[in-house]
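S.K.: have a look; sequence and predicted model below, questions after that.
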Amino acid sequence: MMRYTRALISIALLSAACCHAQIAGTAPANFDQPKPIVDTAQLDALLAAKRPPLLFVPGDVLSLKIYGLKDYDADNEQVAEDGTVLFPLVGRLGVAGLTVPQVSDLITSHLVQSGIITDPQISVAAVKRPKAVVTVSGFVSKPGVLPVDGDRTILDYLSEAGAFSQLGQNPAEPNPGTVVTLVRAGLAAPVNIPLGADPQKSPYGRIPAFPGDQIMVAKLGMIYAVGAFRLQGAYPLKAESPTTLMQLVALAGGVGYEADLNDAHVVRTLGTSRFLLPVNVGRILDGKAADIPLMSDDILFVPTNKLKAAIKGGGSGLIVSIASALIYTH
């Protein structure tokens, strides 16, 4: 044990010398505040949201059919930058900001007023809408911009982008569930959407996708238990709710008899800096102190009494470095 401890200290000292400037002794004031994960009421509202009407914009391509005029050809008429379209026989009409029924009424009225057809029967359709797209990014095999086509859901776009070929590739790894983030105009903030361990069965997968939506898929975050645990290692964060310190201790099989529960730390990475949060694991496990929600890449470091003696006097940088060294060792 002593040889193992000395090896860790040596690794840690080298690491501390390299990254000491990035380490702070105390964390920001809001360090231990959990972030909201899921807003069920908001998700239900998104699920029930009605699709916005199709409004033509510059760049869209329309088709116009006038029944009774066999030779009439207006299958690919593009909306110009000024919002107008030049239709054969009809002339130039402003269509930007109008719906399909409104454009149909406008053309019908123009045909009647001009005396071209007394009772026109027409059909207007959107052929192409280059600016009506959904963007899928993040942990997917085919990220990019996808056209809005019919009444499609976020699950449809995730499948097309290859999201589920990336998620859960290793059957030996636990799958706590998938969470994607939706960014939509009109929403005050991005929305986390939990799709569960089987996204194909999630009701929230049926949330309709609207033009301009951005769907981001994040790789599942990991947290680490190192030191005096029975099962040191990395564990995935839960998708639907925060993973707490007590839950991590349970995942790691509990602590050993040699653990110094009163001198543990959470090592948290924020940007390029690392912060230490002293925690009394014993009091938390006994219910005498509040549990702590953990964030992605957090390290819960519980030293043994021998390791504590070796660290003594080394400062915060040495604690962070030893915790990092334990991760790579195990």
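M.R.: Happy to help now that I have it.
S.K.: so who does the residue lying closest to Leu237 once chain neighbours are set aside touch?
M.R.: Nearest residue to Leu237 in three dimensions, chain neighbours excluded: Gly221, at 4.4 Å (CB to CB, 6 or more residues apart in numbering). In this view, the C-beta of every residue, glycine as well, is placed from N, C-alpha and C. Going by CB atoms under 8 Å, 6 or more residues apart in numbering, Gly221 touches 236-237, 295-297.
S.K.: try 10 Å
M.R.: 179, 236-239, 243, 294-298 (CB atoms under 10 Å, 6 or more residues apart in numbering).
S.K.: ditto for Ala189
M.R.: 36, 39, 42, 181, 183.
S.K.: three-state assignment of it?
M.R.: coil (DSSP: H, G, I helix; E, B strand; the rest coil).
S.K.: please tell me how far it sits from Asp39.
M.R.: Distance of Ala189 to Asp39, given as CB to CB, to the nearest Å: 10 Å.
S.K.: same question for Arg274.
M.R.: In terms of CB to CB, Arg274 sits 30 Å off from Asp39.
S.K.: the two: which is more packed in?
M.R.: Neighbours around Arg274 and Asp39, counted as other CB atoms under 10 Å, are more numerous at Arg274. The numbers are 22 against 14.
S.K.: ok, which stretches of the stretch 101-250 of the chain are strands?
M.R.: Secondary structure of the stretch 101-250 of the chain (DSSP state E, counting those that start in this stretch): strands at 122-128, 133-138, 144-147, 178-183, 191-196, 214-217, 222-227, 233-236, 243-244.
S.K.: of those strands, which is nearest Phe56?
M.R.: Phe56 sits nearest to strand 122-128 of all the strands of the stretch 101-250 of the chain, at 7.2 Å, using CB to CB.
S.K.: next, the buried residues of the closest one.
M.R.: Across strand 122-128, burial judged by 16 or more other CB atoms under 10 Å covers 122, 124.
S.K.: parallel or antiparallel, which strands does that strand pair with?
M.R.: strand 61-66 (antiparallel) (DSSP bridges).
S.K.: which of the residues in the strand it pairs with are buried?
M.R.: 61-62, 64, 66.
S.K.: pLDDT-wise, what's the bottom of those residues?
M.R.: Within the buried residues of strand 61-66, the minimum per-residue pLDDT falls on Ile66 (90).
S.K.: surely that one and Leu111 touch.
M.R.: Yes - A contact is recorded between Ile66 and Leu111 when judged using CB atoms under 10 Å, the distance being 7.6 Å.
S.K.: list residues touching both of those two?
M.R.: 87, 89-90, 117, 120, 122.
S.K.: the residues you listed: which two are farthest apart?
M.R.: Pairwise distances across the shared contacts of Ile66 and Leu111 (CB to CB) peak at 13.1 Å, for the pair Phe87 and Ile117.
S.K.: buried members of the contacts of Gly221 into ChimeraX, please.
M.R.: Burial among the contacts of Gly221 is assessed by 16+ other CB under 10 Å; the matching ChimeraX selection reads:
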select :179,236,237,238,239,243,294,295,297,298
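S.K.: just the contacts of Gly221 now: which is nearest Gly162?
M.R.: Among these, and counting by CB to CB, the member closest to Gly162 is Val179, at 17.4 Å.
S.K.: who does the closest one bridge with?
M.R.: As assigned using DSSP bridges, the partners bridged with Val179 are Pro194.
S.K.: wait, it touches Pro190, no?
M.R.: No - if you go by CB under 10 Å, Val179 and Pro190 don't touch, sitting 11.3 Å apart.
S.K.: can you pull up the most central residue in this protein?
M.R.: Thr181 (3.4 Å; CA atoms, centre = their mean).
S.K.: quickly note the distance from that residue to Val191.
M.R.: Where Val191 is concerned, Thr181 sits at a distance of 7 Å (CB to CB).
S.K.: contacting residues for Leu106?
M.R.: Listed by CB under 10 Å, 6+ apart, the contact set of Leu106 reads 90, 93-95, 98, 124.
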